[in-house]
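> build me a structure from this.
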Amino acid sequence: MVIRSQSSAAGVLALLQEPDTVFKQHALKGLIPLVPQFWAEISEHIALIESLYESDDLPKAARHNAALLASKVYYFLGEYDEALSFALGAGSAFQAEARAHGAGEYVETVISNAIDRYVTLRTEEPSGSSTKIDARLQAIIESIFDCCIEEGEYRQAIGIALESHRLDVVNRIYDLTHDVSLLSYTMEAVLDTGFSLSYRDQVLNFLLPLFPPPTSLSKSPHIHALARLLVTLNRPSLVVPLLTSLIPKERLLAYQFAFDLVEGGAREFLQGVKADLPEGKEETQDIYDKLRKILDGQESVKLYLEFLKRNNKVDMLILKNTKEVLEARTSIYHTAVTLQNAFMHAGTTSDVFLRENLEWLGLASNWAKFSTTAALGVIHKGHFEEGMTILGPYLPQAGGESQIQGAAYSEGGALYALGLINAGCGSGQPVENYLRETMKTAQGEVVQHGAALGLGISAMGGRSSDAYDDLKETLFTDSAVAGEAAGYAMGLVMLGSADQTSAEEMLTYARETQHEKIIRGLAMGLAFIFYGRQEEADSTITSLLTEKDPILRYGGVYTLALAYAGTSNNDAVRQLLHIAVSDTSDDVRRAAVTSLAFLLFKNPGQVPRIVQLLSESYNPHVRCGATLALGIACAGTGLQDAVEILEPMTKDGVDFVRQGAFIALGMILVQQSEASSPSMSSTRALYTKVVSDKHEDPMARFGAAIGQGLIDAGGRNVTISLQSRAGSKNTNAIVGMTMFCQFWYWYPLAHCACLAFEPTAIIGLNEDLKVPKFEFVSNARPSLFAYPPPATPPKRETFAKAATAVLSTTAKVKAREKKKAAADADAMDTDEKPEQKKDGDVEMKGEEGLAGKPTDGSPSTNAPEDVKPKRKSEPSSENVANFSRVTPTQLAYISFPPEGRYQPVRPVSLNTVPHKTGGKGNPNPGLRKAPSGVASERYAGGGGILLMVDERPDTEAEFISFEPPVVEPAPTENGHAQPQALVHRARPSRDFHIALDESSPDVDPPESFEYPFDS
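All right, here's what the predicted structure looks like:
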């Protein structure tokens, strides 16, 4: 017998009208399973069901059923708040429903709404008391916590506890598990999500005492988290007790902490820690002195500078080719080559390209000369001890500014370069005082411009009121050129201070002045003042975004981006996306899209998905913003999703979109190998093609040249990262990239990209802070992390007449003519036939060569057989020497042999990418997947400077010797400061570069025009 399906709930609903309570109870129980099918029909009787829930005539179980029935009906009606309210009243009936089969979606929705309501109520109560919270709601949340803990879902419980400000739950879980990784997870969750600053600090202060004291024997993995926590709290009073507690027994760990703090700590914070350290007793005084030396930051800078000098792998042929094809007399092309050289040699102190091309340098004029001189600051970045000596010939002399025509540009550029050299070096007052004095005494706006930019960068985050006041005086001269630089610099000096007085002064002047350049400088300066201040910047952001002047709205967009930098704050992302599609100014829309990168750089995998539609916008400015957003957020990741969006944009119809795409590809593919990124070789070839194409737009060629510089930045030994190795925000890098984005208006600001260059090395030190010689193991195929192969010079093809193509019809005609001539002359026919065959053979050989070419080494036949054995013979691991390049992705594959003499005091990396493998196949796919699954931990605690425990201290050790730097007073010349003397001084000092330039005089003449094309 077939059971007929029910077509209506009318019969059961009729029982609700019966006076007998038994019928009503039966009806309520029977209606609950019918709700999914007949909820529309039941909803017409919702008032009656609610009255039954409130009735005292029914037993408790029946009232619970009525509440559950009403809750389910409201759920299907989409009234989730009402559904939750009745579910809370359903008591045991709701618990039974939660266990029933097929009720998952309803129960999950109700519980999700319960959590949301609980979180809202908890966050609205500053005291955290639960007086206003319904006891039934509290019971549901407690049951959720209990359930998570019973099932071992600790991270889920911690997430809900953080949202609802229930730190007691975090404490309870840690007391139960004593799992330090859960504390690290809690810290990362509160730092990388949009919590308020006050609550963030509350959580971090709560977590700090829970972390167990670190030891070098256990190689505590939470050392990374602890360093990041202390950097974020920014309170020296918390750091000093930790360092002093380590010094009796764990001095290596104390040194390691100091180096890790320098990686991510603000300048003011580090100076505070250094000042608060005790002098120490006789046996500990030396240790405290070393700690102060490390906390200065200069020790790290020196080590990285030496690393970049020793491992410089710049391919000079790429630079030389770009210089030859870009006409130096055109300012934009001269600047392009200048920037490319500066980025490729950033931090390496190698100015061989400039020395070899003094005549080319002399072609620079006006602001191109300013950029060229400023490029010295990028090349010598970190060489703070000799900065004044290197730039000596260009800096303004004691007697005042030079009267030589054009000298002001080289003097201004030198002052800017001085700031770049000292950026983040903690070199302190002497340089700042010199720049301040020069700015005050300078009469020309160009020199003031350079001095202001240099002062802003060297005094970044110092919050010096004297420097701020001097910059303000320069601003009030109302010079457009000097005032713009002063606006930027005022913000940089007060970086992250959220100083309302400064902000008001700058905003007031921006509204009054008529110079767009000054307005833009001040608008960006405001953004720097509120860097990292989150909700404290909201009122200023709202004020700027509602301004009529698009330049101030532009500043408002960057203020929003920098205030919430690295937080991935949903509200901020939503606001930027709204501006990107609604603002009336193209500049503001472009800035809004670009600014997404600063919010989302810790989650680069999300950016391609968010930006994809914007990259197809009808507005070219939005498309251009999308290119830079991808480049900055995914920098150094090799993220294929981002590359796939950018590659079509290199063929865009608008020149500045193509420019942005070329620059972004350089940022993304920096330090990628051809084995790890399939787009590497094609991108390099594309750069060469575009730069060489004289019919290409100048802006696109400029972008391709910059891309060439970025993809090989820092001698191929740096990556671009907005996150420090300690996992915290890299303030210098974020500021540098923000300034770089302003190259749209002012090319000299592009130099600031070098602030985001992060050397990628493992530098092992012993307890005396010396660099011992040792090796560690990279458990991956060497080709995956190898330097790119050197570029090959273009082959000069010789056009031989024998190689000219001969049509088959022509050959036949010639053969017939030969036959006829032979017959007429009564010659031997047998001799002509081989001749004819010979012609035919020549043609056939050509076709055979095209089809098979067995003897020419063509890849179509023999090559696969040749290549496969090579791949098989490649080892699955390699030994790497101390002081060598180790890319961020490679860190997960690094291990130190247990039998080795030197062992690190902390883990090299926290990444869990597949580690040691016996086979060759495993490291390969592991790495292939790594870029696509890039997480925010990619740089956290990665490599850098490692303190090593010497397992055999009695054995004599070998050390890497550092040669004292040879300081040349004037490393290059741009046309005016004693050119002949410089040439004579420069030539003898180039011995170690002699192999690079011996052949250059022979190659320079245009041999390509001497091909024999005569017919």
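
> use CA for all of it now, contacts and neighbours both
OK.

> what sits against the residue nearest the centre of the chain?
For the chain, the residue nearest the mean C-alpha position is S721 (3.5 Å; CA atoms, centre = their mean). S721 is in contact with 635-636, 730, 733, 756-758, counting by CA atoms under 8 Å, 6 or more residues apart in numbering.

> one more: R684?
Taking CA under 8 Å, 6+ apart, one finds Q708 in contact with R684.

> ranges for the strands of the stretch 251-400 of the chain?
Using DSSP state E, counting those that start in this stretch, no strands are assigned anywhere in the stretch 251-400 of the chain.

> for the contacts of S721, work out which two are farthest apart.
Farthest apart among these by CA to CA are G636 and N730. That separation is 14.4 Å.

> quick one: A629 and L600 touch, right?
No - using CA atoms under 8 Å, A629 is not in contact with L600; the gap is 9.3 Å.

> between the two, which contacts overlap?
V607.

> quick one: which of those two has more around it?
A629 (29 against 26; other CA atoms under 10 Å).

> helix or strand for the more buried one, which one?
According to DSSP states H and E, A629 maps onto helix 620-633.

> quick one on the thing from earlier: which of the contacts of S721 count as buried?
Buried residues within the contacts of S721, counting neighbours by 16 or more other CA atoms under 10 Å: 635-636, 730, 733, 756-758.

> OK, contacts around L562?
527-528, 530-532, 598-599.

> 6 Å instead?
Y531 (CA atoms under 6 Å, 6 or more residues apart in numbering).

> just give me how far whichever strand or helix holds it sits from the chain centre.
In this structure, L562 is located in helix 550-563 according to DSSP H and E. For helix 550-563, the separation from the chain centroid amounts to 20 Å (computed by CA atoms, centre = their mean, to the nearest Å).

> now do that helix, average pLDDT.
Helix 550-563 carries an average pLDDT of 94.

> ok, the nearest residue to L471 once chain neighbours are set aside - how many residues close by?
Nearest residue to L471 in three dimensions, chain neighbours excluded: A486, at 5.4 Å (CA to CA, 6 or more residues apart in numbering). For A486, the neighbour count with other CA under 10 Å is 33.

> give me the pLDDT for A486.
93.

> can you tell me which of the contacts of S721 are in helices?
Among those, the members falling in helices (DSSP state H) are A733.

> need the contacts of S721 in a markdown table with distance to L270 and pLDDT, can you?
As requested, the contacts of S721 are exported to a markdown table (distance: CA to CA, whole Å; pLDDT from 0 to 100):
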| residue | distance to L270 | pLDDT |
| --- | --- | --- |
| A635 | 28 | 91 |
| G636 | 28 | 88 |
| N730 | 15 | 87 |
| A733 | 18 | 91 |
| A756 | 20 | 91 |
| F757 | 21 | 92 |
| E758 | 19 | 90 |
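
> if we can go back for a sec, okay if I get the buried ones among the contacts of S721 as a markdown table plus distance to L363?
Shown next, in a markdown table, are these (distance: CA to CA, whole Å):
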| residue | distance to L363 |
| --- | --- |
| A635 | 34 |
| G636 | 34 |
| N730 | 37 |
| A733 | 32 |
| A756 | 30 |
| F757 | 29 |
| E758 | 32 |
